[in-house]
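>>> Have a look at this prediction, sequence included:
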Amino acid sequence: MQYEKATVQDMREVLAKGDSSAIDLLKEAKRVIAEKDGEVKAFVEVFDSAEEDAKRADTMLKEGRAMPLTGIPIAIKDNICIAGNTVTAASKMLEGFVSPYDATVTARLRAQGAVLVGRTNLDEFAMGSSTERSVYGTTYNPHDTERVSGGSSGGSAAAVAMGAVPLALGSDTGGSIRQPASFCGIVGLKPTYGALSRHGLIALGSSLDVIGPLARTADDAKLLFEVLQGEEGQYDSTVEIFAGIGQKNNTEKIIGVPDAVTTVGISQETLDAFNATLERLKGKGYTVREVSLPIMEKAGAIYYIIQPAEASSNLARFDGVRYGYHKDGKEVWGDYVQTRSSGFGEEVSRRIVVGSYVLSAGYYDAYYKKAVAARDAMRQAFLKELQEVSILVMPTTPDIAFKEGAIQDPIAMYAEDRLTLQANLTGLPAISIPMAVEGLPRGMQVIGDYNSEETLFACAKDIEQS
Ligand code: GLN
């Protein structure tokens, strides 16, 4: 077994046979990190506690108590809490902050006997599409280290793509799992809103945020997704969306391609790869139809009101008193001003200002309320099309990973998400899966009805096999 290329299934087999131990796999993970992460910079910390995790996993294996992820190395985005470990959201604001509790997802991974290898880099508070805006610096693309890994879960995507771990957790508010998965040539799932717990995820936009898996294969992503599912008792943040008109998992294999795909400025190379992938899917029994979804183009205008509005509320708790960083401003108001002005980076500050503005008494109706109505119209439009077709497909990103520093204008950076925001605004599940191409990776995005992850994984597998 070559560790860097091995799937979770491969690892489970060697563990079950006793050919390798969880400690051996952790050593391999650390070897790859030592060899490659000096350049890629995916990890911001490798946990000392990983050793303990691996020992515990080996005991579980020995005693015949192995579960699907026992002994499997996994990386965690640095905005998901692990009890006793530092969590920073790549912000100065959370400098030195140690989480007092486990996120539900990390508690589930521990219960499985998974080995939590380390925490991975992101754009500050998950605002960004490149993992360049981090207090730790940029995470580079393992396929070409002059280029970005995508964002905001760039560290998790790069950790998987460079072979350090077969699995990682990310979070997706507007594309932050799918876009880096596309740039790094791996699989990334944004689950249905509310399908997985958000307890212990540092909140960005609470009506948009989801935690999800990044993996090298659709099967591995599926396994991680399934292990993390389920109600959680006291802190339940899962919800079940009943669309009423949707069709959930469906085996008809009718693909809808939104007309907007040809009008939103996707590169010719990506369109060529996309069309070639569609042809291959036809060979696997799919039929392809064009569907009309002009409202797709409004996603940026809607998202960049709602998301900053929610972010400005969520980030109000970072006051210099309760968490991490503190700067003295002589009296309490001064403390807030000094701490917040110097603790947040430029983009985070911008969103707090925009969010406070669109929620302010004089502008609430003009901006926030309209955006919420437009979001609802988008949801209806998507659900209507999903009554006619089983899935919607489009490229995940307009083009390949860009070079570090190439996008300076904040609006241009926002435009990078123009194909991924819709799934968050509507709450629909979406998966990014690599298209077979020469050169740098390009992802295909498959969107389905609420709770249709089974269908998405099946289609992703068809794309892999074709
Ligand atoms: N790039 C988008 C933003 O900056 C999405 C981020 C995310 O999904 N966390 O808001």
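Thanks, I have the structure now. Numbers count the residues shown, from 1 in each chain.
>>> what's the spacing between residue 119 and the ligand?
In this view, residue 119 and the ligand are 16 Å apart by CB to the nearest ligand atom, to the nearest Å. Backbone N, C-alpha and C define where each C-beta goes, glycine included.
>>> How about the residue of the stretch 251-400 of the chain at minimum distance from the ligand: what's its closest non-neighbour residue?
Residue nearest to the ligand within the stretch 251-400 of the chain: residue 307 (5.4 Å; CB to the nearest ligand atom). Excluding the flanking residues, the one nearest residue 307 by CB to CB, 6 or more residues apart in numbering is residue 205, at 4.4 Å.
>>> Neighbours of that neighbour, how many?
22 (other CB atoms under 10 Å).
>>> before we move on, what about residue 260?
21.
>>> swap in residue 20?
Quick note: residue 20 (other CB under 10 Å) scores 18 neighbours.
>>> Name the nearest residue to it, ignoring sequence neighbours.
Per CB to CB, 6+ apart, closest to residue 20 is residue 14, 4.4 Å.
>>> mind checking how far the one you found is from the ligand?
35 Å.
>>> quick check: mean pLDDT across the helix or strand containing that residue?
In this structure, residue 14 sits in helix 8-17 according to DSSP states H and E. The pLDDT scores in helix 8-17 average 97.
>>> Okay, buried residues for whichever strand or helix holds residue 273 please.
Using DSSP H and E, residue 273 sits within helix 268-282. For helix 268-282, a neighbour-count test (16 or more other CB atoms under 10 Å) marks 270, 273, 274, 277, 278, 280, 281 as buried.
>>> Hey, what's the angle from the helix or strand that it is followed by to helix 268-282? Just curious.
Going down the chain from helix 268-282, the next helix or strand is strand 287-291, by DSSP H and E. Put simply, strand 287-291 runs at 130 degrees to helix 268-282, going by axes from the mean of the first three to the mean of the last three CA atoms, to 10 degrees.
>>> which strands and helices sit next to strand 287-291?
Where contact means 3 or more CB pairs under 8 Å, 6 or more residues apart in numbering; DSSP states H and E, strand 287-291 is packed against strand 254-258, helix 268-282, helix 370-388.
>>> Turn the ones you listed into JSON lines, including distance to residue 39 and mean pLDDT.
What follows is those, written out as JSON lines (distance: least, CB to CB, whole Å; pLDDT from 0 to 100):
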{"stretch": "strand 254-258", "distance to residue 39": "38", "mean pLDDT": "97"}
{"stretch": "helix 268-282", "distance to residue 39": "26", "mean pLDDT": "97"}
{"stretch": "helix 370-388", "distance to residue 39": "40", "mean pLDDT": "96"}
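>>> Output the ones you listed as a markdown table; include the columns distance to residue 357.
Below are these laid out as a markdown table (distance: least, CB to CB, whole Å):
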| stretch | distance to residue 357 |
| --- | --- |
| strand 254-258 | 31 |
| helix 268-282 | 35 |
| helix 370-388 | 13 |
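>>> how about a markdown table for these, with distance to the ligand added?
Output for the helices and strands packed on strand 287-291, formatted as a markdown table (distance: least, CB to the nearest ligand atom, whole Å):
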| stretch | distance to the ligand |
| --- | --- |
| strand 254-258 | 20 |
| helix 268-282 | 18 |
| helix 370-388 | 14 |
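>>> For residue 151, which of those is the nearest?
helix 268-282 (18.6 Å; CB to CB).
>>> now the closest one, how far from the centre of its chain.
24 Å (CA atoms, centre = their mean, to the nearest Å).
>>> What is the neighbour count of residue 64?
A count of neighbours around residue 64, defined by other CB under 10 Å, yields 6.
>>> Check what pLDDT it gets.
Looking at residue 64, its pLDDT reads 96.
>>> Can I take it that residue 337 is in a helix?
Yes: the assignment for residue 337 is a helix, going by DSSP: H, G, I helix; E, B strand; the rest coil.
>>> Need the pLDDT of it.
At residue 337, pLDDT is 93.
>>> For the ligand, see how far away the residue lying closest to residue 87 once chain neighbours are set aside is.
Distance criterion CB to CB, 6+ apart; nearest residue to residue 87, sequence neighbours excluded, is residue 99 at 4.7 Å. Using CB to the nearest ligand atom, residue 99 is found at 19 Å from the ligand.
>>> got it, and residue 216?
From residue 216 to the ligand the distance is 21 Å (CB to the nearest ligand atom).
>>> Would you report the backbone torsion angles of that residue?
phi -90, psi -20 (degrees, to the nearest 10).
>>> Tell me how many other residues crowd it.
22.
>>> show me what contacts it?
5, 7, 160, 166, 186, 187 (CB atoms under 8 Å, 6 or more residues apart in numbering).
>>> and with 7 Å instead?
Residues in contact with residue 216 (CB atoms under 7 Å, 6 or more residues apart in numbering) are 7, 160, 166, 186, 187.
>>> repeat for residue 135
Here residue 135 is in contact with 90, 91, 92, 124 (CB under 7 Å, 6+ apart).
>>> Quick check: it vs residue 335, distance?
Applying CB to CB, to the nearest Å, the value for residue 135 to residue 335 is 21 Å.
>>> go on, residue 220?
With CB to CB as the criterion, residue 220 and residue 335 are 46 Å apart.
>>> what about those two, which has more around it?
The neighbour comparison of residue 220 against residue 335 (other CB under 10 Å) goes to residue 220, with 24 against 17.
>>> Tell me the spatial nearest neighbour of that one, not counting adjacent residues.
Here the residue nearest residue 220, using CB to CB, 6+ apart, is residue 8, at 4.5 Å.
>>> Kindly report the same for residue 31.
Per CB to CB, 6+ apart, closest to residue 31 is residue 3, 7.8 Å.
>>> what about that neighbour, how many neighbours?
21.
>>> what sits against it?
Taking CB under 7 Å, 6+ apart as the test, what residue 3 contacts is 28, 32, 163.
>>> mind listing which of those residues are in helices?
28, 32 (DSSP state H).
>>> Which member of the contacts of residue 3 is positioned nearest the ligand?
Closest to the ligand, out of all of the contacts of residue 3 and judged by CB to the nearest ligand atom, is residue 163, at 24.6 Å.
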